[in-house]
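Colleague: this one's sequence-less:
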């Protein structure tokens, strides 16, 4: 068997829009969150966040939570309740990629909660990379995956686990975070994304990798 095969790590990469303006959504909600993905057979755990947000918003909307991908029926079944909008939960269902990006860009944070299991760490989350590339830091579980690329409360938010108490504590802390600090985190997330997920950053590395690969098989 051949050993020392040349390898290269390249995360999901994008062409960056130099005209993208990083700003906070101008609305009445204190905090705006987004989840984009699916709930059936997914690596993601969305139910803890839904339960916490429902409780936080019982006496008034403090958190606006957009969901892109899941249907209203799926979310209603998860929470075993109707009238989701009453609790600040807005379900958009399946939309075009461009529409999804427009919704994501309006968020203060996206949510990516995962179990500390091998299958949940497999691969690099495209949702994580795309969110940061749009200037939206990610609230994610510390499982040794994509979360290892961010610094807590600088360009993202790390949570120890997906328990109700942990998520509740984190969201209340963010609700009470100054607007300026949230904006700075969004800007930092975008800067980190430019370093990590810019397709132009890997052109030379790819050329060198191909050269090493060709040399290994000569």
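Modeller: Thanks, I have the structure now. Small disclaimer: the values here were computed from a predicted structure and weren't measured. Numbering: from 1, shown residues only.

Colleague: centre of the chain to stretch 157-167, how far?
Modeller: Relative to the chain's own centre, stretch 157-167 is displaced by 15 Å; criterion: Cα atoms, centre = their mean, to the nearest Å.

Colleague: not counting its neighbours along the chain, what's nearest residue 125?
Modeller: Counting by Cβ to Cβ, 6 or more residues apart in numbering, residue 146 is the residue found nearest to residue 125 once chain neighbours are left out, at 4.8 Å. Using the backbone N, CA and C atoms, a C-beta is placed for each residue, glycine as well.

Colleague: how many neighbours does the one you found have?
Modeller: Residue 146 has 24 neighbouring residues, counting by other Cβ atoms under 10 Å.

Colleague: ok, now how distant is it from residue 89?
Modeller: As judged by Cβ to Cβ, to the nearest Å, residue 146 and residue 89 stand 25 Å apart.

Colleague: residue 69 touches residue 94, doesn't it?
Modeller: Yes - using Cβ atoms under 8 Å, residue 69 is in contact with residue 94, at 6.3 Å.

Colleague: neighbour count winner among these two?
Modeller: residue 69 (21 against 11).

Colleague: any idea how far stretch 181-191 is from the middle of the chain?
Modeller: 14 Å.

Colleague: which other residues reach that stretch?
Modeller: 20, 22-24, 108, 131-138, 150, 153-156, 174 (Cβ atoms under 8 Å, 6 or more residues apart in numbering).
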